[in-house]
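In: Show me how the following folds:
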Amino acid sequence: MKTVMKRLLSLAITVSVLLGIAVYPARAQEEPSSYPTGNPVGVPASPGSDAEFEPASSNVTMYGAIYSAESCTYDPERDVIVVPNRGAPQSVRTNDAFISFINRDGSVRTPRWIGVQSPSARAELDPSLTLNHPLGSDIADGTLYLADRDGGTSEGDPSTAVVRMFDLQTGTPTGEIQIDDSPWINDIEVTQDGTIYVTQTGDLGEDPDPSTWRVWEIEPGGTPSVLIEGDPLRQPNGLGIDAEGNLVVVNYGNDEVLTFSRGGKLVQTETAAQPGGDGLVIMPDGTKYTSSVGESGISRIRPDGSTELIARNIPSAASMCYDPKGHQLVVPMNPNNGLAFVQLR
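Out: Residues are numbered from 1 along each chain as shown. Presented below is the predicted three-dimensional model:
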C-alpha cells in the first residue's frame, strides 16, 4: 500500500507465516500517555490498574495479536509494524477494532495499544473512542489515518465511510471525516501537505456498477470529492504515491496497476502477475510490489514494465506494508488472523 524510501533489494524470497499462538521478548513500557492506551506485553496489560507494570521476562516471546487485519504500516519512531485489527463484524458487535504493535520478527510488542478497552467502556473515555472496521492505514506527520466506517449493523442499517485519525504518540483520537456518499472505503494514502486519498472498491457483484468505483480526494481541512470514477478503475483497491507524486491504484477486478496524475489523468497502465490486487508498495526507483488477495501472490513490476511473481500461496494476501530495516514486505492475511513476512534480498 505504501510508498517507501529505501533502496530496491531483490530475489531470495522467504515467506514466514505467523499465526496466533505463543511468546515474546521483554520490552520497555511505552512512554506514559494522558490517553489510556494498552501496555506492551507484561502485567498489567490494560491501563488504569493499580498494579505496577512489569514487562514479560526475557525468556518469553509472543506471536499473534492479529484478528482480521486488512492492512499495516511501518512506524519509524517506534520501529514497529502498526496493525489495525477489525475485530468482530459490525453485525455482531460495533466498536470492536483495535491497533497492535508487532516487531519485525513477528513477535508482539503491544497486543492492544489503541482499543484495549471493551466496546462498552470506550464511550467513557475523554475523548471517546470509536473504531469499528478499519481497512487501509497510513502514517503521516505523526498521525495514524484509518479507513473506517459507521453503520452496517444490519441489512436495514446503511454503512457510511469514515476516515479516522489518531495521534501516533499518545493514541488520542484527533478527528474524523465522514464521506456521506460512500458506503465504505478501502485503502488510504496521505501526502505531506495533509491531502487524503482513499479508494472506494465499490460494487463487486456479477453485474457491477462502474459508478461505484472511485478514488476520493480530501484536501487539508476540506470536504471529500470524487477525483476518479469508473473506467479504467475496476474495483480499485491498493493505493500509493510514487516518487513523482502521482497516484498509483491497484485494481481488484483485473490485473491492472494504474498511475494517475494528481489531477486524475491516466498516465500509465501496468499489469501485475495476478489479478485480484490489494496491497501496494512503491520503491524509490519506481519498482512496485503488489499483493493479490484473490490469487495469493506477490508481484514485482520493474520500471521497464516487466513483471514477475516473486512469492505465492499466501492466503488472502491483503494490504501489505514495507519494513525498511528488515528489508521485507509484511502481508496481513485477512480472515486467517496472521501476518506473512516476505524477505527481500
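In: Identify the residues contacting stretch 294-307?
Out: 10, 13, 252, 257, 270-278, 285-292, 308-317, 320, 329, 331, 342 (Cβ atoms under 8 Å, 6 or more residues apart in numbering). Placement of C-beta: from N, CA and C, glycine included.
In: Please repeat the previous calculation with a cut-off of 6 Å.
Out: 270, 272-274, 276, 286-291, 308-315, 317, 342 (Cβ atoms under 6 Å, 6 or more residues apart in numbering).
In: got the CA positions of it in CSV?
Out: Extracted in CSV, the C-alpha atoms of stretch 294-307 (Å, rounded to 0.1, in the frame of the first residue of the first chain):
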residue,chain,number,x,y,z
GLY,A,294,-7.6,-13.1,-4.9
GLU,A,295,-4.7,-15.2,-6.1
SER,A,296,-2.5,-15.2,-3.0
GLY,A,297,0.8,-14.0,-4.6
ILE,A,298,3.2,-11.1,-4.6
SER,A,299,4.1,-9.4,-8.0
ARG,A,300,7.1,-7.3,-8.7
ILE,A,301,6.8,-4.7,-11.5
ARG,A,302,10.1,-3.3,-12.7
PRO,A,303,10.3,0.3,-14.0
ASP,A,304,10.6,-1.1,-17.5
GLY,A,305,7.2,-2.8,-17.1
SER,A,306,8.4,-6.3,-16.8
THR,A,307,6.5,-8.4,-14.2
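In: Quick check: buried residues in it?
Out: For stretch 294-307, the neighbour count (16 or more other Cβ atoms under 10 Å) marks 294, 295, 296, 297, 298, 299, 300, 301, 307 as buried.
In: so can I have CSV of the residues you listed showing secondary structure, distance to residue 265 and pLDDT?
Out: Output for the buried residues of stretch 294-307, formatted as CSV (DSSP: H, G, I helix; E, B strand; the rest coil; distance: Cβ to Cβ, whole Å; pLDDT from 0 to 100):
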residue, secondary structure, distance to residue 265, pLDDT
294, coil, 28, 95
295, coil, 29, 97
296, coil, 33, 97
297, coil, 30, 98
298, strand, 29, 98
299, strand, 25, 98
300, strand, 26, 98
301, strand, 20, 98
307, strand, 24, 98
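In: Which single one of these is nearest to residue 75?
Out: Using Cβ to Cβ, residue 298 is the member of those that lies nearest residue 75, at 22.3 Å.
In: wait, residue 248 sits on residue 259?
Out: Yes. At 5.1 Å, residue 248 counts as touching residue 259 under the criterion of Cβ atoms under 6 Å.
In: Between these two, tell me which one has more neighbours.
Out: Higher neighbour count among residue 248 and residue 259: residue 248, with 23 against 20, using other Cβ atoms under 10 Å.
In: how far away is that one from residue 280?
Out: 6 Å (Cβ to Cβ, to the nearest Å).
In: Spit out the residues that contact those two alike.
Out: Shared contacts of residue 248 and residue 280, counting by Cβ under 6 Å, 6+ apart, come down to residue 240.
In: Wait, a helix at residue 121?
Out: Yes. Assessed by DSSP: H, G, I helix; E, B strand; the rest coil, residue 121 belongs to a helix.
In: on that earlier part again, return the member of the buried residues of stretch 294-307 nearest to residue 39.
Out: Nearest to residue 39 among the buried residues of stretch 294-307, with distances taken as Cβ to Cβ, is residue 298, at 33.9 Å.
In: If we ignore the residues flanking it in sequence, what's nearest that closest one?
Out: Nearest residue to residue 298 in three dimensions, chain neighbours excluded: residue 311, at 4.0 Å (Cβ to Cβ, 6 or more residues apart in numbering).
In: you'd agree that neighbour is up against residue 341?
Out: No. Between residue 311 and residue 341 there is no contact under Cβ under 6 Å: 10.2 Å.
In: out of the buried residues of stretch 294-307, who's nearest residue 192?
Out: residue 301 (24.5 Å).
In: any chance of the buried residues of stretch 294-307 in CSV, with distance to residue 159 too?
Out: Rendered in CSV, the data for these read as follows (distance: Cβ to Cβ, whole Å):
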residue, distance to residue 159
294, 22
295, 27
296, 27
297, 30
298, 30
299, 31
300, 35
301, 33
307, 35
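In: Pairing partners for the host helix or strand of residue 164, with directions?
Out: For residue 164, the element it lies in under DSSP states H and E is strand 159-167. Strands that pair with strand 159-167, judged by DSSP bridges, come out as strand 143-151 (antiparallel), strand 173-179 (antiparallel).
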